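# This is a predicted model, with the sequence first.
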Amino acid sequence: MTDNAPQLDPQLYQLILSLHAGAMQQMGKVASPFTGKVERNLAAARTTIDMVDMLKRKTAGNLSDDEAKLLEHVLYELRMNFVDESKKGDTETTSEDTPKESTENSSPDRTDDSEPNKTD
């Protein structure tokens, strides 16, 4: 009756989408649901993408065609976005770190620890 329906294990599907969402957030493509800020951490994004790749390798031969296609699609999308973000530079940033002339006129709720490349 529904032979054309995708053959996806719900837990695997949720795991893949969770890793995808995390990597997109780590690349600064979406805002954090906790802080509401766009934060960028390419090292963490690379680790998450590597985990998706490991999942693909470790489950090879044990996935339905739809599951394999989903993993391949997610990996492709994450890798292309990672390349795009890597071209912008490898610094960690937040939405408050967008280029500003001076921090003297910044809002009072801005903290110094959000400045990129600052060392104490």
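Sure, I can see it.
# Can you pull out the low-pLDDT segments for this structure?
The model of the chain has pLDDT under 70 over residues 1-3, 5, 90-120.
# tell me the contacts of the residue nearest the centre of the chain?
Geometric centre of the chain, nearest residue: Ala23, 1.7 Å, by C-alpha atoms, centre = their mean. Residues near Ala23 by C-beta atoms under 8 Å, 6 or more residues apart in numbering: Ala45, Thr48, Ile49, Val52, Leu78, Asn81, Phe82. (C-beta placed from N, C-alpha, C; glycine too.)
# which residues touch the last one?
The neighbours of Phe82, taking C-beta under 8 Å, 6+ apart as the test, are Ala23, Met27, Leu42, Ala45, Arg46, Ile49.
# one step back: which secondary structure element is home to the residue nearest to the centre of the chain?
helix 10-26 (DSSP states H and E).
# In that helix, which residues are buried?
Within helix 10-26, the residues that count as buried by 16 or more other C-beta atoms under 10 Å are Leu12, Ile16, Leu19, His20, Gly22, Ala23, Met24, Gln25, Gln26.
# swap in stretch 22-39?
Those would be Gly22, Ala23, Met24, Gln25, Gln26, Met27, Gly28, Lys29, Val38, Glu39, for stretch 22-39 by 16+ other C-beta under 10 Å.
# can you give me the strands for this structure?
Counting by DSSP state E, residue ranges of the strands within the chain are 39-40, 93-94.
# Now render the buried residues of stretch 22-39 as JSON lines, adding distance to Ala60.
As requested, the buried residues of stretch 22-39 are exported to JSON lines (distance: C-beta to C-beta, whole Å):
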{"residue": "Gly22", "distance to Ala60": "22"}
{"residue": "Ala23", "distance to Ala60": "20"}
{"residue": "Met24", "distance to Ala60": "24"}
{"residue": "Gln25", "distance to Ala60": "27"}
{"residue": "Gln26", "distance to Ala60": "25"}
{"residue": "Met27", "distance to Ala60": "26"}
{"residue": "Gly28", "distance to Ala60": "31"}
{"residue": "Lys29", "distance to Ala60": "28"}
{"residue": "Val38", "distance to Ala60": "34"}
{"residue": "Glu39", "distance to Ala60": "33"}
